[in-house]
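Enquirer: Fold the following.
(one chain, ligands or ions: 1)
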Amino acid sequence: MLNIRKSLPDSVKLMAVVKANGYGHGDIESAAAAEQAGADYLAVAYLEEAIRLRDAGMKLPILVLTPIRPELTPLALKLDLSLTVASAKWLADVRVYKPFASAGKLRIHVKMDTGLGRIGIRTKREWDELVPWLRAEDVEVDGFYTHFATAGQADTAFLERQTARFAEMKEWGRSSGLTIRHYHCAGSAAALRFPHLAMDMVRIGAAMYGFYPEQLVRSVKLEPALSLHSRLIHVKKLAKGDYLGYGNSYRADEDEWIGTVPIGYADGWTQRMQGTEVLIEGQRAPIVGKICMDQLMIKLPGPCADGALVTLIGLQGEQRITFAELAAHIGNVAQEISASLGPRVARTYTDTEEVHARWDNQIRRNEFKQAVV
Ligand SMILES: *Cc1c(COP(=O)(O)O)cnc(C)c1O
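Expert: From the prediction side, this is the model:
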């Protein structure tokens, strides 16, 4: 994150995206690390996530990227959050719970839909309906933003279309006479590939955890922050023809050694990981049989010791299981894998003594019962 901060002009603000438990890495720890690295803002998807950060004592401005339920606006105001508005109706509904001229400012980031088709204002008419609500004395338009659909892809045609549309929309903003503090559009891929898209602020999620479109961005070198290890809890020998797993999903074609690993689909290691490998004793070993809720079985290279280290992501000896290979296997980006890691997977942190000292109470909350190291 420090490298990302250093790569940006001082005038560009850095918003660290710590939604989904910091893409699985721990929300509070990720937010604290981002703050230390010079982040100006935090972003989360949902109000619940912002509450956790404020409870932990986080003082940075926090943007909630998804419109909250209007009736929760008083709580959001109390927590000093910045809210996303994606329609005039939402802001009108909010007025039931935050009457005009009542105490407190509504800090708003207006979301524009330039082609992702998820949330946001798409047409000039929708914008014109929203503007009068934005003119209220107690509304601060802190931001005006959009999000790209293809920023991590080699073909830039659609990104250019979205950029052009956003330029038109920025003119709507400028000509409205509203004071708009920050125009922003770039997530990790766009910010790293196209520095001119940084505008007033970048919203960095994936790259802060070491995920980025490596084949497209050669100027930075980022390492994934996370590795995942477990230990064998059981070792046995199957005879040729023996079955294994629910539904007899695997049958030994020879006498073979099998190890059981205490991680399963409830921890985010879903059936889609079938066909991938793990590392044990510095060698690759395939997952065999259906992955269970709490355990999975692997075909061992030989009679390994109970308690032997199993690496599901990261380096062991000379071998490495990369996020890239797992992501390619499931047909999605690396962050789907990290963000799916469940609360039973204990997180341990390195190089964060200062963070630990400061966030001790919160980190203890994140110690879970399962002995996945
Ligand atoms: C998740 C998210 C981001 C972060 O994107 P990365 O590609 O992970 O950097 C930025 N903006 C919005 C609106 C998001 O939902």
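Enquirer: can you list the residues of the protein near the ligand?
Expert: Within the chain, the positions adjacent to the ligand are 17, 19, 65, 147, 187-189, 203-207 by CB under 6 Å from any ligand atom. (Each C-beta comes from the backbone N, C-alpha and C, glycine too.)
Enquirer: swap the cut-off to 8 Å and go again
Expert: 15, 17, 19, 23, 43, 45, 65, 111, 145, 147, 151-152, 187-189, 191, 203-208, 211, 335 (CB under 8 Å from any ligand atom).
Enquirer: Mind checking which of the residues you listed land in strands?
Expert: Here DSSP state E is the test, and the residues of the chain next to the ligand give 15, 17, 43, 111, 145, 203-204 as lying in strands.
Enquirer: returning to that earlier point: whichever of the residues of the chain next to the ligand count as buried, I'd like them selected in ChimeraX; how would that read?
Expert: Selecting just the buried residues from these in ChimeraX takes one command, with 16 or more other CB atoms under 10 Å as the test:
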select :15,17,19,23,43,65,111,145,147,151,152,187,188,189,191,203,204,205,206,207,208,211,335
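Enquirer: Which members of the ones in strands among the residues of the chain next to the ligand define the maximum pairwise distance?
Expert: Within these, K111 and I204 form the most distant pair, 17.8 Å apart (CB to CB).
Enquirer: Low-confidence regions, this structure specifically.
Expert: Applying pLDDT under 70 to the chain flags residues 351-373.
Enquirer: one more time with 90
Expert: Low-confidence segments of the chain (pLDDT under 90): 1-9, 101, 212-224, 349-373.
Enquirer: Please work out which residue of it is closest to the ligand.
Expert: G205 (2.7 Å; CB to the nearest ligand atom).
Enquirer: what's the nearest residue to that residue if we skip its chain neighbours?
Expert: Nearest non-adjacent residue to G205, counting by CB to CB, 6 or more residues apart in numbering: V17, 3.4 Å away.
Enquirer: show me what contacts that neighbour?
Expert: Contact analysis of V17 by CB atoms under 8 Å, 6 or more residues apart in numbering lists 23, 42-44, 65, 187, 203-205, 208.
Enquirer: Please, which helix or strand holds A346?
Expert: Using DSSP states H and E, A346 maps to neither a helix nor a strand.
Enquirer: Sorry, wrong one. I was asking about L63.
Expert: L63 belongs to strand 62-64 when assigned by DSSP H and E.
Enquirer: I'd like to know which elements that strand is packed against.
Expert: If you count contacts as 3 or more CB pairs under 8 Å, 6 or more residues apart in numbering; DSSP states H and E, strand 62-64 packs onto strand 41-44, helix 47-55, strand 81-85.
Enquirer: Quick check: next helix or strand after that strand?
Expert: By DSSP H and E, the next helix or strand past strand 62-64 is helix 73-78.
Enquirer: For that following helix, buried residues please.
Expert: For helix 73-78, the neighbour count (16+ other CB under 10 Å) marks 73, 76-77 as buried.
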